[in-house]
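Novice: Quick one, what's the 3D model for this:
(chains A and B)
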Amino acid sequence: MRAPHRPPPHRPPPHRLLRACLALCCALAWGVAQADIFVIVNNANPVRQLSNQEVADLYLGRARNYPNGAPVQILDQANSRSEREQFFRLLLNMPLAQVNAYWARLTFTGRQSPPEVRNDDQAVVASVSRSVQAIGYVGSRPQHPDVHVILQLHDSP
Amino acid sequence: MKPAPPLISLERKLIAALGFAALLFSLIAGGADYLHTYRNELDRSRASFDNLAATVQSSAAIAAFVGNATIADDIAEGLLKNQEILGVQIQGGRNFSFRQAKIVDTEEWPEHATLSYPLYSPTLLDENIGQLSILTDARLLEARARAAAFNQLLFLIGQTLLLAAILAFTYRQLVGRPLLRLTQTLVAIEPGSDQRIPIADNDRDNEIGHVASSVNHYLEISERALMIERELLARVQKLESHYRRIFESAKVGIMVLEMDGSLINCNTAVSNRAEQAGPPSGEDSDYLARIFKQPAKAWTLIEQARSSGLVVNGDLELLNNEGESRWAHCLFSIGRFPEEDQHYIEAVFYDVTSRRMREEKALRSAERDVLTDLINRRGALAYLEQALVDARLEGKGVTLFFFDLDGFKSINDTYGHAAGDIVLVEVARRLRGVRKRSSDLLARLGGDEFVLAAYGMHKTDDGAHQLAQALLTTMQTPIALDQGQTACIGVSIGIAGYPENADNVAALLETADQAMYSAKKRGKNRYQVAASKM
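Specialist: Residues are numbered from 1 along each chain as shown, chains lettered A, B, ... in the order given. Below you'll find the predicted structure:
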């Protein structure tokens, strides 16, 4: 039997600056640990919405086109990026090692090309903003006028 | 020794039984083993396909998931390198189907040769996204399983046969040969001989050795028993030949006859005598006619013996073609063969001619007493003369009983001479009844004086006293006279013996007479034995 939850007793902070610093650190930590992933396409792309499954099929090489039949240019992020780890965890609940092994097999045996790699969110946004076929993902809601979000992967607490 | 029956060796039976058991075992166990191995082999190949499938399953799942024919092809190439795999098929969602085969591919793979494994999504492990199918070379697998099972069967049969052969060989070495040797030796051994069964050292403590040693023990016992029996037989034969010699060489004639008079057996004394009668006439089976001058008299005695069941005796004249007539004293009795329930005649006789001569001489030389028909004084003297001569020659004794009636004179005086004669005749009759033997003399010397001479008897013999007592007793009974009168008489007896009292007749008579007188003086009706001369 679990004890009923009670909020901790309020204690006044000893110092105002210290309290502000603490709040910032907490926010930073929250931002790093709990970040949604945004799947984006070019504004000129007619696709307005994609399901989890449809995005997963694209990123696992199962689908080579958009559901409407239009050709697709899939953009991935570098393996070292936390956004990549976050993306596959939220989308497929797959660890990166497994994703890499899967793609290695598809690449070497299946002679299938893996998605193109961009170094960071900015490069992804830049590529998507220039290509109508491109699809990518980023760690924060993009502010660029030529791209829009078609799927937001929520990081559940 | 009885011939041994043909030997049917146990060894051959054992080998037959072993062979049969091996065959039966091979059939049953071999059959079961064959089936078991066959199924095992098929299961084993099935398991190896499962392993192969498991190895390629994740790659196949990706191929099915993505619909990548290249990966599927790669998997199929790998799998088809196995000789037992004829075809590979990978099916996935979105109408993906890949199929590759070594053979001319038909539409439907036969179900019994096809192995199917489900494929799961690489992302969601419990989502079935397709199927991997392997077409196996069923004929090859079955042929392999059959070959393996057949090899196993051959191995089993070989093993069984080898075991049976080893068993048979071991039996032959350990049991068969020693037993056969024992049997052959035993058959060849003569019971009662000193032959024994040799026992090999390594058989000494086993069954063969024990049987052999106990057989040896019995051989020893039987040899000893036969030896004892042989000794006994020899002793019996010796004894029998002794008796036979006595029987054969006896002067006494002994013969056994059938009831019709034909001869069963006789000794030489009889057969020599019978030969005098000349060769047997053939028709006449009466053997008595060849021995006796008057066989009818012999038959009369035999009839008496038969009816009384006792031994009957009498004097019979023997058949004698030359010289003087010869007499035999004969004893006849009837015997019975118990096993045949048949009677036979036993006859024993011995020559009594000399005694008979004496009697005849007495009869010839002396007339009988007219009144009593006893021998008179003259005859008695002649008999006694001859008897003493014979007794001297034969070394025998003669006992003379001289007796005189007591009270005879008064009977004569009271009832007259006629009554006296009746008494004398009755006394003579009674004396004949007491007289035991034909060789004895019974005579009336005159008046009321009688004499009884027992030849071959000594006065000291028990028989002499018994005879005297019998004489006293027989005279006790009153004698019936005419007209219902009775006369009581007694007797006084004097006893004298040759050679104890005298060596001639006159002295013997004198001594007996004196003894009689002394008995009378002592009170009559008693006997007195004369004291022996010193």
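Novice: and the residue of the stretch 251-400 of chain B found nearest chain A, how many neighbours?
Specialist: Across the stretch 251-400 of chain B, the shortest distance to chain A (CB to the nearest CB) belongs to B:Glu339, at 122.5 Å. Where you see a C-beta, it was placed from the backbone N, CA and C, and this is true even at glycine. Around B:Glu339 there are 6 other residues, counting by other CB atoms under 10 Å in any protein chain shown.
Novice: Ok, A:Pro145 next?
Specialist: Residues near A:Pro145, counting by other CB under 10 Å: 8.
Novice: pLDDT wise, what is B:Lys2 at?
Specialist: On the pLDDT scale, B:Lys2 is placed at 53.
Novice: can you check B:Gly282 too?
Specialist: At B:Gly282, pLDDT is 60.
Novice: host element of residue 117?
Specialist: All of this refers to chain A. Per DSSP states H and E, A:Val117 falls inside strand A:116-118.
Novice: Switch to chain B, please.
Specialist: Going by DSSP H and E, B:Tyr117 is part of strand B:114-120.
Novice: what does B:Ile134 give?
Specialist: strand B:128-136.
Novice: other SSEs contacting whichever helix or strand comes after that strand?
Specialist: Note on strand B:128-136: by DSSP H and E, the next helix or strand toward the C-terminus is helix B:138-171. With contacts taken as 3 or more CB pairs under 8 Å, 6 or more residues apart in numbering or on different chains; DSSP states H and E, helix B:138-171 sits against helix B:10-66.
Novice: Counting by contacts, list what the helix it packs on packs against.
Specialist: helix A:96-108, helix B:69-80, strand B:85-92, strand B:114-120, strand B:128-136, helix B:138-171.
Novice: Including mean pLDDT, mean neighbour count and distance to B:Ala453, could these go into a markdown table?
Specialist: Below are the helices and strands packed on helix B:10-66 laid out as a markdown table (pLDDT from 0 to 100; neighbours: other CB atoms under 10 Å in any protein chain shown; distance: least, CB to CB, whole Å):
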| stretch | mean pLDDT | mean neighbour count | distance to B:Ala453 |
| --- | --- | --- | --- |
| helix A:96-108 | 89 | 16 | 166 |
| helix B:69-80 | 89 | 20 | 154 |
| strand B:85-92 | 90 | 23 | 150 |
| strand B:114-120 | 91 | 17 | 147 |
| strand B:128-136 | 90 | 21 | 146 |
| helix B:138-171 | 90 | 15 | 98 |
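Novice: hey, where'd the strands end up in chain A?
Specialist: A:37-42, A:73-77, A:116-118, A:134-138, A:147-153 (DSSP state E).
Novice: Can you tell me the closest non-neighbouring residue to the residue of chain A found nearest chain B?
Specialist: Here the residue of chain A nearest chain B is A:Gly110; by CB to the nearest CB that distance is 4.1 Å. Closest residue to A:Gly110 apart from its sequence neighbours, by CB to CB, 6 or more residues apart in numbering or on different chains: B:Asn68 at 4.1 Å.
Novice: Could you count how many residues lie near the one you found?
Specialist: 25.
Novice: now the residue of the stretch 351-500 of chain B found nearest chain A: how far from B:Gln469?
Specialist: Residue of the stretch 351-500 of chain B nearest chain A, by CB to the nearest CB: B:Asp462 (145.1 Å). B:Asp462 sits 10 Å away from B:Gln469, going by CB to CB, to the nearest Å.
Novice: Compare neighbour counts for these two and give me the winner.
Specialist: With neighbours defined as other CB under 10 Å, B:Asp462 and B:Gln469 compare such that B:Gln469 has more, 12 against 8.
Novice: so where does the more buried one fall, helix or strand?
Specialist: helix B:462-474.
Novice: Show me what that helix is packed up against.
Specialist: Partner elements for helix B:462-474 (3+ CB pairs under 8 Å, 6+ apart): strand B:398-406, helix B:417-434, strand B:449-455, strand B:490-498, strand B:527-529.
Novice: Can you name every helix or strand that the shortest one contacts?
Specialist: Under the contact criterion of 3+ CB pairs under 8 Å, 6+ apart, the helices and strands touching strand B:527-529 comprise helix B:462-474, strand B:490-498, helix B:505-521.
Novice: Quick one: the ones you listed as TSV, columns for mean pLDDT too.
Specialist: Output for the helices and strands packed on strand B:527-529, formatted as TSV (pLDDT from 0 to 100):
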stretch	mean pLDDT
helix B:462-474	89
strand B:490-498	91
helix B:505-521	92
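Novice: Looking at these, which one is packed in the most?
Specialist: strand B:490-498 (a mean of 25; mean count of other CB atoms under 10 Å in any protein chain shown).
Novice: and the direction of it versus that of helix B:505-521, what angle?
Specialist: Calculated by axes from the mean of the first three to the mean of the last three CA atoms, to 10 degrees, strand B:490-498 forms an angle of 140 degrees with helix B:505-521.
Novice: Now do strand B:490-498 and helix B:462-474, the angle between them.
Specialist: Going by the same axes, to 10 degrees, strand B:490-498 makes 160 degrees with helix B:462-474.
Novice: can you give me the offset of strand B:490-498 from its chain's centre?
Specialist: 61 Å (CA atoms, centre = their mean, to the nearest Å).
Novice: Which strands or helices does the strand holding B:Tyr117 pack on?
Specialist: Packing partners of strand B:114-120 (3+ CB pairs under 8 Å, 6+ apart): helix B:10-66, strand B:128-136.
Novice: Give me whichever of the ones you listed is most buried.
Specialist: Of those, strand B:128-136 is the most buried (mean count of other CB under 10 Å), at a mean of 21.
Novice: Other residues contacting that strand?
Specialist: B:45, B:49, B:52-53, B:56-57, B:60-61, B:64-65, B:79, B:84-93, B:96, B:101, B:109, B:113-121 (CB atoms under 8 Å, 6 or more residues apart in numbering or on different chains).
Novice: how about a cut-off of 7 Å?
Specialist: Contact partners of strand B:128-136, identified using CB atoms under 7 Å, 6 or more residues apart in numbering or on different chains, comprise B:49, B:53, B:57, B:60-61, B:64-65, B:79, B:84-93, B:101, B:109, B:113-121.
Novice: How about the secondary structure of B:Arg177?
Specialist: Assigned with DSSP: H, G, I helix; E, B strand; the rest coil, B:Arg177 falls in the helix class.
Novice: these two touch, right, B:Asp260 and B:Tyr287?
Specialist: No - using CB atoms under 7 Å, B:Asp260 makes no contact with B:Tyr287, being 9.7 Å away.
Novice: Now do the SS call for B:Ile254.
Specialist: strand.
Novice: Low-confidence stretches in chain B?
Specialist: Chain B contains residues with pLDDT under 70 at B:1-5, B:105-107, B:125, B:278, B:280-284, B:361-367, B:436, B:438, B:533-534.
Novice: residues touching the closest residue to chain A within it, list them.
Specialist: Residue nearest to chain A within chain B: B:Asn68 (4.1 Å; CB to the nearest CB). Neighbouring residues of B:Asn68 by CB under 7 Å, 6+ apart: A:106, A:110, A:112, B:62.
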